[in-house]
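Q: the sequence isn't on hand, but the structure is:
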């Protein structure tokens, strides 16, 4: 008789699908109080999961954290530019590196393939290699 194999279980930092959904709704809702609650939950996940935390979750949380900090009025414009800048650079790098294979493909081409506007790639380039852009452009990014 053949033994049936049990499906492998994946260990994640969140308690279940309901907690995941609640956090995702909180992050994208636009209410800064609910967004902060969701960010606190992501921080708890990071403390549980450590370096295995999915980069997509981490990058999304960082982008939302920038918006929450921006709306709080607690940071100066230069600090906000740096915060948005790091979050945007990490986001673009994460999204495009998945398409990067053994061959080096220009970032603009990769961005086009995953529907990232070229101006966001240019913004990332400026943040990484040039002068820091204006806060308004970072907010738009």
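A: Happy to help now that I have it. On a predicted model such as this, the values are computed, not experimentally measured, just so you know.
Q: what residue ranges in this protein score low on pLDDT?
A: Along the chain, segments meeting pLDDT under 70 span 1-3, 101-103.
Q: show me what contacts the residue most central in space within it?
A: For the chain, the residue nearest the mean C-alpha position is residue 59 (1.8 Å; C-alpha atoms, centre = their mean). By C-beta atoms under 8 Å, 6 or more residues apart in numbering, the contact set of residue 59 is 87, 90, 91, 94. C-beta: built from backbone N, CA, C; applies to glycine.
Q: whichever strand or helix holds residue 122: which residues count as buried?
A: Taking DSSP states H and E as the criterion, residue 122 maps to helix 118-129. By neighbour count with 16 or more other C-beta atoms under 10 Å, helix 118-129 contains the buried residues 120, 121, 122, 123, 124, 127.
Q: filter the contacts of residue 59 to the buried ones?
A: Buried among the contacts of residue 59 (16+ other C-beta under 10 Å): 87, 90, 91.
Q: in helices only, show me these.
A: 87, 90, 91 (DSSP state H).
Q: give me the phi and psi angles of the closest residue to residue 126 other than its chain neighbours.
A: Spatial nearest neighbour of residue 126, excluding adjacent residues (C-beta to C-beta, 6 or more residues apart in numbering): residue 133 at 5.3 Å. When quoted as degrees, to the nearest 10, the phi and psi of residue 133 stand at phi -80, psi 170.
Q: quick check: residue 133 touching residue 80?
A: No: using C-beta atoms under 8 Å, residue 133 makes no contact with residue 80, being 11.5 Å away.
Q: name the helices or strands packed onto the next helix-or-strand element following the helix holding residue 122?
A: Using DSSP H and E, the helix or strand that follows helix 118-129 towards the C-terminus is helix 135-140. Here helix 135-140 touches helix 77-97, going by 3 or more C-beta pairs under 8 Å, 6 or more residues apart in numbering; DSSP states H and E.
Q: what sits up against the helix it packs on?
A: Residues external to helix 77-97 that are found in contact with it (C-beta under 8 Å, 6+ apart): 55-56, 58-59, 62-63, 65-66, 69-70, 75, 107, 110-111, 114, 116, 120-121, 123-124, 127-128, 132-135, 138-139, 141.
Q: next SSE downstream of it?
A: For helix 77-97, the succeeding helix or strand toward the C-terminus, using DSSP H and E, is helix 107-113.
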